[in-house]
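> Dropping a prediction and its sequence here:
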Amino acid sequence: MKRLHLYVIKSFLGPFFMTFFIVVFVLLMQFLWRYVGDLVGKGLSLKILGEMLFYASFGLLPYAFPLAMLLASIMTFGSLGENYELVAMKSAGISLFRIMKPLMVIAVFVSLTAFYFANYILPQTNLKFTTLMVSVKQQRPELVLQEGVFTNEIDGYNIKVGRKDKKTNVLYDLLIYDHTRNKSNESVTVADSGFLKITEDKKYMVLTLYNGINYLEDQATGGRQMESRPFRRNKFAEQTIRVKVNNFEFNRREEGIYKNMYRMLNTKQLMHMEDTLNEKYYSQLQNYMMQIDINPTITRRTYDLTVKNDSLKQNPVIIADSIFNFDNYFNSIDKWVKAEISLVALDRARNNMQNLNLYQGQLSERKRNINKHSMERHRKYTLSIAVLIFFFVGAPLGAIIRKGGLGMPVVVSILLFIAYYIVSMTGEKSAREDVWQMFTGMWFSTLVFLPIGIWLSYKAGTDSAIMSADTYLKLINKLKPANWFKKPGVQGN
């Protein structure tokens, strides 16, 4: 039995590690496509790029574990079924669950590993990645000149380019205003073409101009008026402008700025932050309730609804000793008094509506922040449990499909993972918008796929032919109206 377990484990580990690194690579390529606009033209060193990809790959591990487990389990048991090894094991009296037993232990271990990464390592890598990404985004880029637009990326110069050749990077129809030495528009240069490059040490930008004219107004001397200032016009075949670029060196920001963001916290810290944010949320809500100008009794009762676990909270039953009929009173007074009462009531209603709109936006922002922390805490568990769920979906499904390799298992795995992702995103969106309870929304995908895994495990253990086309053809034939009144065993002509 030990040899059988070792054989099954050996058959599983190879596809698991292969698919795991393939999934990480694919997700990493998706990351590069997403952030390629923030990385191009920054003059970043290979060390910074490698560090960024390293941190990003760690952030993808919680998503790679479930998909790799699903794909590897389908491939392993599909290959065993395709080679009739499962049939040989079952004929020897070994049940499918005994065959799956060693891999169950591995699935539990991988699930715990995924939770450890998500809870302890991922917050640290998210902190370093976020700090590095913000530093890169604030890094001064190499000059990107847009056609027909003035830009002041080069210190002291305002440049407009008429046309730019994307293949040769040659600039055409340049107009340059020289603002160095606190000049206004005293020096203007017009050039037919030019070329911009940055030096290898990333400290200077060199703009080479061809076939142009420089217009310059000299400073007035000897008390001469502005109207009599000398004017010069210099033609040139080639001119070079060399400008030192400040703040081009890469500056890494402090990590402490982002250490309290929800993606940088573990479960214990998230729970603590949720309690703190909830306390501030309800405190602000109580203050808003007291500021709304309505009946004091209604205000007090509304305030009591926002108080949690208050032993001094009272809900007195107020019984009126008399009833005032406002309609009869309002109809009996003078029309000018009616107009004054209506005007006061309308002003109070408008003020309350404005306050409610203002408070609603502020409270909604606070609630969204609370939901982000709650979702992050639940996600650490759901992604870890997803490893187990995908094993109990993939292993029996592979035994039923009986196809190994990278063909059918890859197609089925992608379809199942897409379905899981859609269900998961539906639940998360509902929880984020407070349509569902946080637990229901975040665990919705688990509640949907767990019964599917149990059902597939039962069907695979009982050798059910749910993937056989003949099974469904017989069911369709039974559902035909022509076969409803036939006696069992009677065949049609």
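On my side now, so go ahead. Residues are numbered from 1 along each chain as shown.
> I'd like the next helix or strand past the host helix or strand of residue 343.
Assigned by DSSP states H and E, residue 343 belongs to helix 335-401. Next helix or strand after helix 335-401 toward the C-terminus (DSSP H and E): helix 408-432.
> what packs against that next one?
With contacts defined as 3 or more CB pairs under 8 Å, 6 or more residues apart in numbering; DSSP states H and E, helix 408-432 has these neighbours: helix 46-82, helix 335-401, helix 438-442, helix 444-461. C-beta: built from backbone N, CA, C; applies to glycine.
> Can you give me the buried ones in stretch 343-363?
Neighbour-count burial for stretch 343-363, counted by 16 or more other CB atoms under 10 Å, picks out residue 359.
> again but with stretch 374-388, I slipped
Along stretch 374-388, these residues count as buried under the neighbour rule (16+ other CB under 10 Å): 374-388.
> Looking at those residues, spot the one nearest residue 158.
Ranked by distance to residue 158 (CB to CB), the buried residues of stretch 374-388 are led by residue 376 at 45.8 Å.
> mind checking how far the closest one is from residue 261?
10 Å (CB to CB, to the nearest Å).
> Kindly report the same for residue 85.
50 Å.
> again, but for residue 92
56 Å.
> The two: which has the busier surroundings?
residue 261 (16 against 8; other CB atoms under 10 Å).
> got the contact list for the more buried one?
Counting by CB atoms under 8 Å, 6 or more residues apart in numbering, residue 261 makes contact with 127, 130.
> so residue 370 makes contact with residue 277?
Yes: Residue 370 is in contact with residue 277 according to CB atoms under 8 Å; the separation is 4.8 Å.
> so what are the domain limits for this protein?
Domain segmentation of the chain under automatic domain parsing yields 2-138+381-481, 150-244, 257-373.
> What separation do you get for the spatially closest residue to residue 372 that is not a sequence neighbour and residue 65?
Excluding the flanking residues, the one nearest residue 372 by CB to CB, 6 or more residues apart in numbering is residue 262, at 4.9 Å. Computed as CB to CB, the residue 262 to residue 65 distance reads 21 Å.
> These two: which has the busier surroundings?
Applying other CB under 10 Å to residue 262 and residue 65 shows that residue 65 carries more neighbours, namely 26 against 21.
> tally of neighbours for the residue lying closest to the more buried one once chain neighbours are set aside?
Of all residues not flanking residue 65 in the chain, residue 114 sits nearest, at 4.3 Å (CB to CB, 6+ apart). For residue 114, the tally of surrounding residues (other CB under 10 Å) stands at 25.
> Check residue 159 too.
Neighbour tally, residue 159, other CB under 10 Å: 22.
> Next: the one 3 residues further on.
For residue 162, the tally of surrounding residues (other CB under 10 Å) stands at 13.
> what about it, which SS state?
Put simply, residue 162 is strand when judged by DSSP: H, G, I helix; E, B strand; the rest coil.
> Could I get the contacting residues of it?
Under the criterion of CB under 8 Å, 6+ apart, the neighbours of residue 162 are 147-148, 172-175.
> The same query, at a cut-off of 6 Å, please.
Residues near residue 162 by CB atoms under 6 Å, 6 or more residues apart in numbering: 172-173.
> Quickly note the distance from it to residue 373.
Residue 162 is 52 Å from residue 373, by CB to CB.
> CA atoms only for stretch 342-354, dumped as PDB, please.
C-alpha atoms of stretch 342-354 as PDB (Å, rounded to 0.1, in the frame of the first residue of the first chain):
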ATOM      1  CA  SER A 342     -45.000  76.100   5.400                       C
ATOM      2  CA  LEU A 343     -41.900  78.200   4.600                       C
ATOM      3  CA  VAL A 344     -40.300  77.300   7.900                       C
ATOM      4  CA  ALA A 345     -41.100  73.600   7.400                       C
ATOM      5  CA  LEU A 346     -39.700  73.700   3.800                       C
ATOM      6  CA  ASP A 347     -36.500  75.300   4.900                       C
ATOM      7  CA  ARG A 348     -36.000  72.700   7.700                       C
ATOM      8  CA  ALA A 349     -36.700  69.900   5.200                       C
ATOM      9  CA  ARG A 350     -34.200  71.300   2.700                       C
ATOM     10  CA  ASN A 351     -31.500  71.700   5.300                       C
ATOM     11  CA  ASN A 352     -32.100  68.100   6.500                       C
ATOM     12  CA  MET A 353     -31.900  66.800   2.900                       C
ATOM     13  CA  GLN A 354     -28.600  68.700   2.300                       C
END
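> tell me the mean pLDDT for that stretch?
The pLDDT scores in stretch 342-354 average 83.
> The closest residue to residue 456 other than its chain neighbours - how many residues pack around it?
Once flanking residues are discounted, residue 456 sits nearest to residue 396: 4.2 Å by CB to CB, 6+ apart. Counted with other CB under 10 Å, residues neighbouring residue 396 total 26.
> just residue 256 next, same as before
That count, for residue 256 with other CB under 10 Å as the rule, works out to 9.
> Ok, residue 62 next?
Look at residue 62: counted by other CB under 10 Å, it has 22 neighbours.
> So which bits of stretch 454-463 are buried?
For stretch 454-463, burial by neighbour count (16+ other CB under 10 Å) applies to 456-457, 459-460.
> same deal with stretch 413-423?
413, 416-417, 420, 423.
> Show the average pLDDT along stretch 209-216.
Mean per-residue pLDDT for stretch 209-216: 86.
> what helix or strand is residue 7 on?
Using DSSP H and E, residue 7 falls within helix 2-39.
> which helices and strands sit right next to that helix?
The contact analysis (3 or more CB pairs under 6 Å, 6 or more residues apart in numbering; DSSP states H and E) places helix 2-39 against helix 46-82, helix 96-116.
> for the ones you listed, which one sits closest to residue 35?
Nearest to residue 35, of all the helices and strands packed on helix 2-39, is helix 46-82, at 8.4 Å by CB to CB.
> Give me the next element, helix or strand, following that closest one.
Later in the chain than helix 46-82, the nearest helix or strand by DSSP H and E is helix 85-91.
> Other residues contacting that next one?
By CB under 6 Å, 6+ apart, helix 85-91 touches 80, 99, 399.
> what number of residues lie near the last one?
Yep, that's residue 399 we're talking about. When counting by other CB under 10 Å, one arrives at 26 neighbours for residue 399.
> give me every residue that touches it.
Counted by CB under 6 Å, 6+ apart, residue 399 has contacts 77, 81, 86, 460.
> picking up where we left off before, is it possible to get a markdown table of the helices and strands packed on helix 408-432 that adds distance to residue 205?
Formatted as a markdown table, these follow (distance: least, CB to CB, whole Å):
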| stretch | distance to residue 205 |
| --- | --- |
| helix 46-82 | 21 |
| helix 335-401 | 41 |
| helix 438-442 | 50 |
| helix 444-461 | 52 |
